[in-house]
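Colleague: no FASTA, just this:
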């Protein structure tokens with residue numbers, strides 16, 4: 001993935017904005033490493049969508065969640081990352097902010113893996129108050145918000161591949177429900193893995209195997225022949241981009257109002 005010249009946090013800090021008056025909800029949007037340094041547009045879209053729904057958004061300076069070192073067996077490094085994340089986000093949770101996460105693998109860290117890396121008192125508040133971005137948007141809609149400020153569609157089709165961590169946590173349904181609410185006709189892939197498998201597919205010695213695993217997903221997405229191809233995770237986005245020759249958007253980029 002290519003690094004962006006302006007990070008997501010820098011964009012947020014420099015933008016001209018008027019916070020929602022008397023917001024119903026307050027969110028600290030976690031700037032995961034991929035969103036902050038590479039996939040900046042999905043971060044911008046998340047801010048626009050949440051603010052359009054009357055939510056106050058803060059993007060703090062926060063370290064990586066520790067997913068990468070944990071996946072390589074670097075337990076002490078992952079634990080250090082977890083401690084720093086909770087130190088940074090914990091005060092926001094205490095003040096009544098919800099933690100919203102764009103990258104599914106990082107949300108899985110907050111909800112599940114941190115249980116083994118942190119004490120119960122450190123882990124539980126963050127786990128219980130963290131949400132995936134479309135899970136959170138769904139919750140807003142279910143509690144009375146409308147789609148007026150979002151990008152709704154008429155007769156547009158979407159081919160959607162959900163990240164494996166998102167499926168494991170049972171969160172895919174929220175993305176589908178929000179897309180339906182916004183008027184999109186969605187075709188979902190039934191491929192369990194895109195072939196990237198976190199850092200696995202980035203390694204040269206596994207390239208051919210990763211692409212072979214991804215061939216089923218490529219076939220399904222091409223056969224769907226939809227107006228939009230979207231994905232919810234970084235590794236899936238990179239892999240689909242290589243398979244199709246064009247990188248898909250995140251769900252939140254599709255439904256967010258134009259910037």
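Modeller: Perfect, I can see it now. Remember, it's a predicted structure, so these values are computed and weren't measured experimentally.
Colleague: so residue 22 belongs to a helix, correct?
Modeller: No - according to DSSP: H, G, I helix; E, B strand; the rest coil, residue 22 belongs to no helix; its state is coil.
Colleague: any idea how far it is from residue 55?
Modeller: For residue 22, the distance to residue 55 (CB to CB, to the nearest Å) stands at 12 Å. In this view, the C-beta of every residue, glycine as well, is placed from N, C-alpha and C.
Colleague: pick out whichever of the two has more residues nearby.
Modeller: Applying other CB atoms under 10 Å to residue 22 and residue 55 shows that residue 55 carries more neighbours, namely 23 against 6.
Colleague: how about the contacts made by the more buried one?
Modeller: Applying CB atoms under 8 Å, 6 or more residues apart in numbering to residue 55 gives the contacts 20, 23-27, 140.
Colleague: I'd like these laid out as JSON lines, including neighbour count and pLDDT.
Modeller: Shown next, in JSON lines, are the contacts of residue 55 (neighbours: other CB atoms under 10 Å; pLDDT from 0 to 100):
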{"residue": "20", "neighbour count": "17", "pLDDT": "75"}
{"residue": "23", "neighbour count": "15", "pLDDT": "85"}
{"residue": "24", "neighbour count": "13", "pLDDT": "81"}
{"residue": "25", "neighbour count": "20", "pLDDT": "92"}
{"residue": "26", "neighbour count": "16", "pLDDT": "95"}
{"residue": "27", "neighbour count": "23", "pLDDT": "97"}
{"residue": "140", "neighbour count": "18", "pLDDT": "95"}
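Colleague: averaged pLDDT, stretch 88-108. What do you get?
Modeller: The predicted model assigns stretch 88-108 a mean pLDDT of 95.
Colleague: quick check: phi and psi on the residue nearest the centre of the chain?
Modeller: In the chain, the centroid-proximal residue (CA atoms, centre = their mean) is residue 102; its distance is 2.2 Å. With angles defined as degrees, to the nearest 10, residue 102 sits at phi -90, psi -40.
Colleague: ok, it to residue 44 distance?
Modeller: 11 Å.
Colleague: residues in a beta bridge with the closest residue to residue 47 other than its chain neighbours, which ones?
Modeller: Leaving aside its sequence neighbours, residue 47 sits nearest to residue 57 (CB to CB, 6 or more residues apart in numbering; 5.3 Å). Residue 57 forms beta bridges with residue 27, as assigned by DSSP bridges.
Colleague: now the strands for the stretch 101-250 of the chain?
Modeller: Assignment of strands within the stretch 101-250 of the chain using DSSP state E, counting those that start in this stretch yields the ranges 130-132, 156-161, 184-188, 228-231, 249-250.
Colleague: can I get those in a markdown table with mean pLDDT, mean neighbour count and distance to residue 84?
Modeller: Formatted as a markdown table, the strands of the stretch 101-250 of the chain follow (pLDDT from 0 to 100; neighbours: other CB atoms under 10 Å; distance: least, CB to CB, whole Å):
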| stretch | mean pLDDT | mean neighbour count | distance to residue 84 |
| --- | --- | --- | --- |
| strand 130-132 | 97 | 23 | 16 |
| strand 156-161 | 90 | 21 | 32 |
| strand 184-188 | 91 | 18 | 36 |
| strand 228-231 | 91 | 23 | 29 |
| strand 249-250 | 93 | 22 | 26 |
